[in-house]
Structure formats: C-alpha cells, structure tokens
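Colleague: Fold the following for me, if possible:
(2 chains)
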There are 2 protein chains.
Amino acid sequence: MKTENKELMKSRLRNIALQIAYDGTNYHGFQRQTPPTLAIQNVLEDKLTKIFGDSIELAAAGRTDAGVHAIGQVVNFFTNGKIPVEKIPLAASGVLPSDIIVLEAKEVDKNFSARHSAKSKIYIYRILTGAVSNPFVSRYAWHIRYPLNVEAMRAALKILIGTHDFSAFKAANNVPMSPIRTMFNAECEIKNNELFCDKELIITFHANGFLYHMARNIVGSLVAVGRGKYSVDDFQKIFESRDRNNAAPTAPPQGLCLYKVFY
Amino acid sequence: MKTENKELMKSRLRNIALQIAYDGTNYHGFQRQTPPTLAIQNVLEDKLTKIFGDSIELAAAGRTDAGVHAIGQVVNFFTNGKIPVEKIPLAASGVLPSDIIVLEAKEVDKNFSARHSAKSKIYIYRILTGAVSNPFVSRYAWHIRYPLNVEAMRAALKILIGTHDFSAFKAANNVPMSPIRTMFNAECEIKNNELFCDKELIITFHANGFLYHMARNIVGSLVAVGRGKYSVDDFQKIFESRDRNNAAPTAPPQGLCLYKVFY
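Modeller: From the prediction side, this is the model:
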C-alpha cells in the first residue's frame, strides 16, 4: 500500500477483518502479483471491490507461498461499503471461486492491522505416510513413502521450543531481518483417517513469527531425522550452527497450511 | 473390448486385478473416451501399457461418471508382462498422475472379471454442511448451506433397504435393464473433522448393483427430505411410484465415491 493511499484508506469509515481459508494449489501465493500471474490477493481484492463498491486494498497476517494453503488466514481492509458483517461470508461465496472462502467477518478498531497486530501464528504441515500416495490428500500433504521415526522427529521438534536464532532455517536469499523468534510449541501428531484408510503426521508450529521458508525448512530437516539421515544430535548441531547451508532441502509447499493467527 | 480381442487377451499368461483410487475432478468419468476428452481408463491403459509392454485393455467394476471419485475401484487386464505384482503399485506411481493411484495389485484366476464377478458395491456420498463451504472438502462433497434433518434422512434411507424396483431413481434416459436391485444397507453418519473444523454427512449405500445415476438420484431426493421439502412419506411414495419424474434432481457428482467392491 502506498503512503498517500494509507491515509486515504484510513479516512474510510470501516475497518473490516476477515478470516479466510483457501486451497493454494492453483495460486502463485498470497501476495498480489502482476496479471496474468494470479495470487489469492488479486482474486480477493477484485471480488471484495465488487461487493463493497470501493477499491479494496488488503493487509494479510501471512504471505503464504505458492501452493501453500490457509484455514486461518486473516486480512483487513478499509471501506465505506455498508454491507453488514454477518452478510459478508455469504456474499463473498457468491463471487469467489470455490477454492477461496470467507469463514468469518468482523468490524474492528481502526488501528487493527491483520499483519502488524498479529501476536503469534500456528502453521501445520501434513505428511502422508505409506507405500503409495492418496489422491484425496496429495494436494494437501507431502507424501513420504519411507518409514519415519516419529519419536526421533518429536525429540528434534522439542529442541526448537523457546527463543532462538532460527538462521539455520531461514530462506537462502532472505531479506535482512532479525532471525530471533520464539517457538511456543512444536509437535507431531499421528492421525489415522479411517474413511480414506491413510495415515498422516500433522506437525504443528506455534511461534511469535516465522522467517521466510522457516516452517518448510524445519520440516525438510525433520524428515531427514525421521528417515535416519540425521540423528537428533545432528539436527541440534545444524540448528545451533545458524547456517542454512547445513540443513536439508526445503519441504514442498503443499503440506503447509496457515492454521491460526492470534491477536 | 471387441470379441476377437477377447480371445487374444485371454491367451495371455496373466490376469492382473488392481485396486485403484482416483480424484475424478479432472476426468470425464472412468470409461474410455475419444481423445482429446480424457477418462481415467485412457490414462490407466496408456500408462499400464508402458509398464507391461503389451497393449492393455481394462475391465472395471464401476463406470463412474465425470467428477465422481473412487477409493476402491477394481480393474483387471490380461498381460504377458513379467513385473511381480508387489512391484506394480510403486511402478504405477512413477508413471501415473498424482490424482490416480494403484493401491494394490493381485494375480487372479483367468475367469475373474472385475466387472462381471462383482457381487456387491459400496458407494459413499459426502455432504458438507454449514453456512459456508470448505476449500479442502469442496472437491469431494456437496455443500448444503441449509440445515438438514438427519433423522428424517435416516428414516428415508431405511425404506430403500431390501429388494426393490429402483425405477424412481434411474437415469432419465436409461438403457433398458432390470430396475430390480437389492440394497443391503443405506445409512447416514455424521462426521466432524476437527482439523478443518467442518461437519460432514457420509451417506453409505451397499447394494448388489446400481442403476445408472441411482446413488446420486437417491441423494437428490434425500436432501429434499433433509430440507423438509419432502416428508419421509413423500419419499416413500416417490420410491413406490417407480417414476423418475416424481423424484428430485440428481445430486452433483463430486460428492460420490466408489468405496468398495465385493467379489
């Protein structure tokens, strides 16, 4: 958002926050792209502009990458549009494609920013295990056909809890920013889906912020622990080295989902 | 399969049966189509031909419609190819797209036909309930945003159990065949997905055979019962009228899944 625009936006009457869910498979990430490349933000701003009648510019809690999903993304925008909040989810479902959904809408304080007011976020990463994949989960999970040692993965995750320098798991060409983050919780749950006869690992990360690619870089090294390529000690040494070059490759995007944002 | 081909096929050494799962969203049903229209069968035959080295022709338990899914589809084919059965699922996953998966392969008796040897089948139909949809389920379920009376739907399903004339739920332009089928079980289960905060109804039909569009036509009228448009008595009268014109419109394909075939 340009600076001159910021004041114009804030002069509007209402600040609306939405909780959004999306299947990111067909989009080039959340952040607005130059058409014909399509991002979630392009679609949302275009359709919300139709609903509210004034040109909508969004701020979002998390700039999810291409192929990453969300069930708890939060966005906010300023508008003079008069539609009552309780009617927004249904109005949005009438104009949005079926892979982007407004779950909830609220009118919030003028100072609320979906991006800057966020206190912490939960990302989940789904791993589908078993010899062959599953067509109903493969859009939303990383399929690993090798056996994984879940107890070793859990031990590795425990190392991340607390306030640490996460440089070992930042993106290779990251923009300069503090690599210090506080991880409140990092755990791995086994989930059996009886209906589709599959077994998943659900990895949950709850932190006060995430470096670019951090969750996927952690999962890349975590799976190396699960497969026995790294010991838990190796994982700890990589983490403490603060050097991205020591860690395993980034896990693929489709397993990642922005699950919840706390304010 | 042409008649002259049938003998040629049976002269081959092995009869292989596969259990297949697929996400039917991007295909024009199971049954082979003339390219560029693409069916599951086109893709399977093309890729299995590459694996086995001789031209593969499939028979399938169920000819699922465009957009319908399967987790327990069974196919069989004759081949002289020598690949061991236990290696087929992995070999297939190397050449098939991610939305079609071979779950299991078996060598079977020469007289086994995935289509003609089937004794009964289970289809499931998923209904996603709630004010707004869910992008992770919407490819695999019919979203109904109105409240549904599940007890009334269950009472209606009970009427179908037993041996009956299912003409009221056949396709409008059905090919002539006996409309008598035996429904072993028809039930509706409520399933909460905690991970994605949604609520589904899973309708299960187990019958010795299904008329074309039968499961989706039943669901169309069943949802009319759930919404209170039909009483359970109305549903029974429609069923007993044996007249397709009295029943509700066909439910959309994406909720339907061929779940299991019994031999």
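Colleague: touching chain B at all, stretch A:46-55?
Modeller: No - Stretch A:46-55 stays clear of chain B (CB under 8 Å from any CB of the partner chain), getting no nearer than 14.3 Å. Glycine gets a C-beta too; all of them are placed from N, C-alpha and C.
Colleague: Can I get that stretch in PDB, CA atoms only?
Modeller: What follows is stretch A:46-55 as a C-alpha-only set of coordinates in PDB (Å, rounded to 0.1, in the frame of the first residue of the first chain):
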ATOM      1  CA  ASP A  46     -11.000  -7.900  -7.100                       C
ATOM      2  CA  LYS A  47     -14.100  -9.700  -5.700                       C
ATOM      3  CA  LEU A  48     -14.300  -7.600  -2.500                       C
ATOM      4  CA  THR A  49     -14.200  -4.400  -4.600                       C
ATOM      5  CA  LYS A  50     -17.300  -5.700  -6.300                       C
ATOM      6  CA  ILE A  51     -19.100  -6.400  -3.000                       C
ATOM      7  CA  PHE A  52     -18.100  -3.200  -1.300                       C
ATOM      8  CA  GLY A  53     -18.200  -0.700  -4.100                       C
ATOM      9  CA  ASP A  54     -14.900   1.000  -3.300                       C
ATOM     10  CA  SER A  55     -11.400  -0.100  -4.400                       C
END
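Colleague: Other residues contacting that stretch?
Modeller: Residues from elsewhere that reach stretch A:46-55, judged by CB atoms under 8 Å, 6 or more residues apart in numbering or on different chains: A:12, A:56, A:58, A:77, A:79-81, A:83, A:88, A:91-92, A:95-96.
Colleague: Which single one of those residues is nearest to chain B?
Modeller: A:Ala92 (8.2 Å; CB to the nearest CB).
Colleague: which other helices and strands contact the helix or strand harbouring A:Asp233?
Modeller: Using DSSP states H and E, A:Asp233 sits in helix A:232-241. If you count contacts as 3 or more CB pairs under 8 Å, 6 or more residues apart in numbering or on different chains; DSSP states H and E, helix A:232-241 packs onto helix A:150-160, helix A:214-226.
Colleague: ok, A:Leu38 - how many residues close by?
Modeller: Neighbour count for A:Leu38, taken as other CB atoms under 10 Å in any protein chain shown: 15.
Colleague: in the stretch 101-250 of chain A, which spans are strands?
Modeller: A:120-129, A:142-144, A:162-165, A:180-193, A:198-207 (DSSP state E, counting those that start in this stretch).
Colleague: Output these as TSV; include the columns distance to A:Met153, mean neighbour count and mean pLDDT.
Modeller: Converted to TSV, those look like this (distance: least, CB to CB, whole Å; neighbours: other CB atoms under 10 Å in any protein chain shown; pLDDT from 0 to 100):
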stretch	distance to A:Met153	mean neighbour count	mean pLDDT
strand A:120-129	9	21	96
strand A:142-144	11	21	95
strand A:162-165	18	14	98
strand A:180-193	5	15	94
strand A:198-207	8	21	94
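Colleague: Adding distance to chain B, write those out as CSV.
Modeller: Putting the strands of the stretch 101-250 of chain A into CSV (distance: least, CB to the nearest CB, whole Å) gives the following:
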stretch, distance to chain B
strand A:120-129, 8
strand A:142-144, 9
strand A:162-165, 26
strand A:180-193, 7
strand A:198-207, 7
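Colleague: ok and the residue in the stretch 51-200 of chain A nearest chain B?
Modeller: A:Pro135 (4.1 Å).
Colleague: just to revisit the earlier point, let me have the helices and strands packed on helix A:232-241 in CSV, adding distance to chain B as columns.
Modeller: Formatted as CSV, the helices and strands packed on helix A:232-241 follow (distance: least, CB to the nearest CB, whole Å):
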stretch, distance to chain B
helix A:150-160, 18
helix A:214-226, 17
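Colleague: Pick the most deeply packed of those helices.
Modeller: Each of the helices and strands packed on helix A:232-241 was scored by mean neighbour count; the highest is helix A:214-226, a mean of 24, by mean count of other CB atoms under 10 Å in any protein chain shown.
Colleague: Mind giving me the packing neighbours of that helix?
Modeller: Taking 3+ CB pairs under 8 Å, 6+ apart as the contact cut, helix A:214-226 packs with strand A:120-129, strand A:142-144, helix A:150-160, strand A:180-193, strand A:198-207, helix A:232-241, strand A:256-262.
Colleague: Flag the shaky bits of chain A, pLDDT-wise.
Modeller: Along chain A, segments meeting pLDDT under 70 span A:1-4, A:174-175.
Colleague: Adding distance to A:Leu18, write the helices and strands packed on helix A:232-241 out as CSV.
Modeller: Formatted as CSV, those follow (distance: least, CB to CB, whole Å):
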stretch, distance to A:Leu18
helix A:150-160, 31
helix A:214-226, 23
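Colleague: Compare those and report which one is nearest to A:Phe169.
Modeller: helix A:214-226 (3.9 Å; CB to CB).
Colleague: sorry, back to before: give me the phi and psi for the residue of the stretch 51-200 of chain A closest to chain B.
Modeller: phi -70, psi -20 (degrees, to the nearest 10).
Colleague: give me the number of residues near it?
Modeller: 24.
Colleague: Could you find the closest non-adjacent residue to it?
Modeller: B:Asp23 (4.1 Å; CB to CB, 6 or more residues apart in numbering or on different chains).
Colleague: Just the element for A:Gly94, please.
Modeller: helix A:88-95.
Colleague: Buried residues in that helix, which are they?
Modeller: For helix A:88-95, the neighbour count (16 or more other CB atoms under 10 Å in any protein chain shown) marks A:Ile88, A:Pro89, A:Ala91, A:Ala92, A:Ser93 as buried.
Colleague: is it up against chain B anywhere?
Modeller: Yes - for helix A:88-95, a contact with chain B is found by CB under 8 Å from any CB, at A:Pro89, A:Leu90, A:Ser93.
Colleague: and that helix, how far out from the chain's middle?
Modeller: 23 Å (CA atoms, centre = their mean, to the nearest Å).
Colleague: Residues contacting it, please?
Modeller: Contacts for helix A:88-95 (CB under 8 Å, 6+ apart): A:16, A:18, A:47-48, A:50-51, A:83, A:101-105, B:131-133, B:145.
Colleague: ok, now with 7 Å
Modeller: Under the criterion CB atoms under 7 Å, 6 or more residues apart in numbering or on different chains, residues A:Lys47, A:Lys50, A:Ile51, A:Ile83, A:Ile101, A:Val102, A:Leu103, A:Glu104, A:Ala105, B:Ala131, B:Val132, B:Ser133 lie in contact with helix A:88-95.
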